[in-house]
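Peer 1: Let's see this in three dimensions:
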Amino acid sequence: MLSEREKLDTLANLMVELSHVSDLDILMEHILTQARRFVNADAGSIYIVYGDSLQFTYTQNDTLQKRLAKGEKLIYSTFTLPINKHSIAGYVAATGRPLNLADVYSVDPTLPYKFSKEFDEASKYITRSILTIPLKAGNGDVLGILQIINAQDAENHVIPFSEKDEKMMMHFASIASIALERAQMTRANILRMIKMAEMRDPKETGAHVNRVGGFAVEIYEKWALKRNLSRKEIDKNRDILRMAAMLHDVGKVAISDVILKKPGRFNKDEFEIMKQHTILGARLFFDRQSDFDKAALKVALTHHERWDGNGYPGPVDILTSSPIGGSNNLKGIPIRIKQEEIPLFGRIVAIADVYDALSTARIYKEAWNESQVLSVIEKEAGFHFDPELVEIFFSSLDIIRSIQKRYTDNH
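Peer 2: Numbers count the residues shown, from 1 in each chain. Down below sits the predicted model:
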């Protein structure tokens with residue numbers, strides 16, 4: 001448990017820490033982790049406001065996590081709640097006021113809100129104390145709900161949240177809300193760029209890029225943990241990769257509609273033009289101002305490279321599109337990029353993108369069934385894909401499937 005001094009110090013440093021996180025999903029993870037740490041809570045969730053509803057977006061639960069094998073993650077489903085006074089989270093969103101409940105199973109039945117026991121019954125978890133705090137924008141609008149569950153004493157016995165906890169969490173929420181508002185603006189701007197691409201290419205949907213980004217960070221995290229990278233470095237790279245992966249095909253905005261919207265297969269000349277989207281996308285990030293720009297450039301440029309060297313665009317000058325290194329001897333065979341020259345993020349997004357493209361229905365094709373898709377991924381290990389990353393992908397299938405369900409095409 002944190003001492004009062006440690007809580008104050010952490011609160012003072014919180015703004016700096018959260019300001020380093022740009023991606024919305026990664027930020028919610030940080031907010032919930034720190035909130036629970038503040039008050040020694042066993043579990044918690046975050047809901048985000050979408051129109052007149054709350055979307056259950058992120059959750060953590062130490063008790064349930066301990067039931068899993070090492071390296072596994074909690075699988076959870078997203079759902080929505082109406083913003084009204086009938087649920088605990090809905091009440092806080094509707095009123096803008098916090099609720100501190102010592103025992104949700106003993107809520108006064110005359111109150112308008114009720115505790116739903118469905119989660120506890122399904123998971124065999126016992127919820128007792130809940131502190132629910134509104135996350136408000138600068139103008140007072142509720143952005144979301146922070147809900148922390150089961151405060152614990154030094155012996156890990158469940159206790160109510162104190163008034164001091166509530167006041168501390170209100171300060172915490174005000175700081176977290178600033179970071180959340182900024183991250184939502186960043187996500188919205190990225191999705192606007194995707195929307196531009198979607199107007200040109202119907203395959204580039206917000207759901208598709210969110211899935212690709214989600215798959216990519218899961219694969220990266222397992223890769224990094226195998227190499228014992230520090231948690232700080234992993235978190236920094238997950239944040240960057242999540243956004244860069246979402247923009248992997250942004251260069252398609254510069255490709256002709258005649259080619260992008262062609263219903264059939266490309267001929268040789270059309271395919272050569274289509275391949276230029278990798279270079280055109282990379283050019284958007286050529287004036288590199290940050291680590292994100294560097295990552296986005298690499299992902300846009302190399303997510304169609306292949307492990308066997310037969311991908312594209314190969315070694316190329318981004319500004320002129322000219323091949324670097326000419327051709328291989330006198331046969332005119334283009335120089336191919338070597339395995340170790342394909343950036344890690346590009347190799348990861350290659351798998352994530354192909355998996356989602358094959359799994360999803362498009363105007364010109366039905367969605368493949370999962371066994372077909374997995375068979376292709378497995379067979380392409382060592383040819384199209386880095387074989388180590390394919391192995392990691394298969395070890396992450398449960399969380400990959402949950403991300404698919406979270407970001408549906410009608411989401």
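
Peer 1: Please make it C-alpha for all contacts and neighbour counts, starting now.
Peer 2: OK.

Peer 1: Outline the domain layout of this protein.
Peer 2: Per automatic domain parsing, the structural domains of the chain span 4-184, 201-406.

Peer 1: possible to save those as TSV with distance to residue 194?
Peer 2: As requested, those are exported to TSV (distance: least, CA to CA, whole Å):
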stretch	distance to residue 194
domain 4-184	15
domain 201-406	6
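
Peer 1: neighbours around residue 71, how many?
Peer 2: Neighbour count of residue 71, defined by other CA atoms under 10 Å: 10.

Peer 1: can you tell me which residues contact it?
Peer 2: Contact analysis of residue 71 by CA atoms under 8 Å, 6 or more residues apart in numbering lists nothing.

Peer 1: for the domains of the chain, which one sits closest to residue 195?
Peer 2: domain 201-406 (7.0 Å; CA to CA).

Peer 1: Save the domains of the chain as JSON lines, and put in mean pLDDT too.
Peer 2: Output for the domains of the chain, formatted as JSON lines (pLDDT from 0 to 100):
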{"stretch": "domain 4-184", "mean pLDDT": "91"}
{"stretch": "domain 201-406", "mean pLDDT": "89"}
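
Peer 1: closest one to residue 192 among those domains?
Peer 2: Distance to residue 192, taken as CA to CA, is lowest for domain 201-406 among the domains of the chain, at 8.9 Å.

Peer 1: ok now that closest one, how far from the chain's centre?
Peer 2: 16 Å (CA atoms, centre = their mean, to the nearest Å).

Peer 1: got the residue ranges for the strands in the chain?
Peer 2: Ranges of strands in the chain, per DSSP state E, are 41-50, 53-61, 80-82, 99-101, 130-136, 142-152, 158-159, 327-328, 333-334.

Peer 1: out of those strands, deepest packed?
Peer 2: Among the strands of the chain, strand 130-136 has the highest mean neighbour count (mean count of other CA atoms under 10 Å), at a mean of 26.

Peer 1: strands paired with it, and their directions?
Peer 2: Strand pairing for strand 130-136, using DSSP bridges, gives strand 99-101 (antiparallel), strand 142-152 (antiparallel).

Peer 1: For residue 321, find the nearest of these.
Peer 2: Residue 321 lies closest to strand 142-152 among the strands paired with strand 130-136, at 43.9 Å (CA to CA).

Peer 1: Put the alpha carbons of the closest one into CSV.
Peer 2: What follows is strand 142-152, C-alpha atoms only, in CSV (Å, rounded to 0.1, in the frame of the first residue of the first chain):
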residue,chain,number,x,y,z
VAL,A,142,-18.5,13.9,-18.7
LEU,A,143,-15.9,12.0,-20.9
GLY,A,144,-16.1,8.7,-19.1
ILE,A,145,-16.4,6.9,-15.8
LEU,A,146,-13.6,5.5,-13.6
GLN,A,147,-14.8,2.7,-11.4
ILE,A,148,-12.5,1.1,-8.8
ILE,A,149,-13.6,-2.0,-6.9
ASN,A,150,-12.8,-3.7,-3.6
ALA,A,151,-10.5,-1.5,-1.6
GLN,A,152,-8.1,-3.6,0.5
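
Peer 1: before we move on, the earlier item: for residue 207, find the nearest of the strands of the chain.
Peer 2: strand 53-61 (14.7 Å).

Peer 1: Mind listing residues that contact the closest one?
Peer 2: Counting by CA under 8 Å, 6+ apart, strand 53-61 makes contact with 28-29, 32-33, 42-49, 74, 76, 78-83, 90, 144, all of which sit outside it.

Peer 1: between that strand and strand 142-152, how big is the angle?
Peer 2: 30 degrees (axes from the mean of the first three to the mean of the last three CA atoms, to 10 degrees).

Peer 1: Work out the sheet partners of strand 53-61 and label each with its direction, please.
Peer 2: Next to strand 53-61 in the sheet, as set by DSSP bridges, lie strand 41-50 (antiparallel), strand 80-82 (antiparallel).

Peer 1: Next, the contact list for residue 398, please.
Peer 2: Residue 398 sits in contact with residue 75, where contact means CA under 8 Å, 6+ apart.

Peer 1: Could you check how far it is from residue 392?
Peer 2: Distance of residue 398 to residue 392, computed by CA to CA, to the nearest Å: 12 Å.

Peer 1: If you count neighbours, what's buried in stretch 151-165?
Peer 2: Neighbour-count burial for stretch 151-165 flags 151, 152, 158, 159, 160, 161, 165 (criterion: 16 or more other CA atoms under 10 Å).

Peer 1: Just give me the closest of the residues you listed to residue 103.
Peer 2: Closest to residue 103, out of all of the buried residues of stretch 151-165 and judged by CA to CA, is residue 160, at 7.4 Å.

Peer 1: Assess the claim that the closest one and residue 148 are in contact.
Peer 2: No - if you go by CA atoms under 8 Å, residue 160 and residue 148 don't touch, sitting 11.2 Å apart.

Peer 1: Can you pull the residues that touch both of those two?
Peer 2: Counting by CA under 8 Å, 6+ apart, the contacts common to residue 160 and residue 148 are residue 130.

Peer 1: Am I right that residue 308 is in contact with residue 387?
Peer 2: No - here residue 308 lies out of contact with residue 387, judged by CA under 8 Å, at a distance of 10.8 Å.

Peer 1: Next, the angle strand 41-50 makes with the longest helix belonging to the chain.
Peer 2: What stands out as the longest helix in the chain, according to DSSP state H, is helix 163-200. Here helix 163-200 runs at an angle of 40 degrees relative to strand 41-50 (the same axes, to 10 degrees).

Peer 1: name the helices or strands packed onto helix 163-200?
Peer 2: helix 4-19, helix 24-39, strand 130-136, strand 142-152, helix 206-226 (3 or more CA pairs under 8 Å, 6 or more residues apart in numbering; DSSP states H and E).

Peer 1: just those: most buried one?
Peer 2: When the helices and strands packed on helix 163-200 are scored by mean count of other CA under 10 Å, the highest mean neighbour count falls to strand 130-136 (a mean of 26).

Peer 1: Quickly note the distance from residue 79 to residue 148.
Peer 2: To residue 148, residue 79 is 18 Å away according to CA to CA.

Peer 1: should've said residue 301
Peer 2: Going from residue 301 to residue 148 by CA to CA gives 42 Å.

Peer 1: just residue 131 next, same as before
Peer 2: To residue 148, residue 131 is 5 Å away according to CA to CA.

Peer 1: swap in residue 321?
Peer 2: The gap separating residue 321 from residue 148 is 52 Å, by CA to CA.
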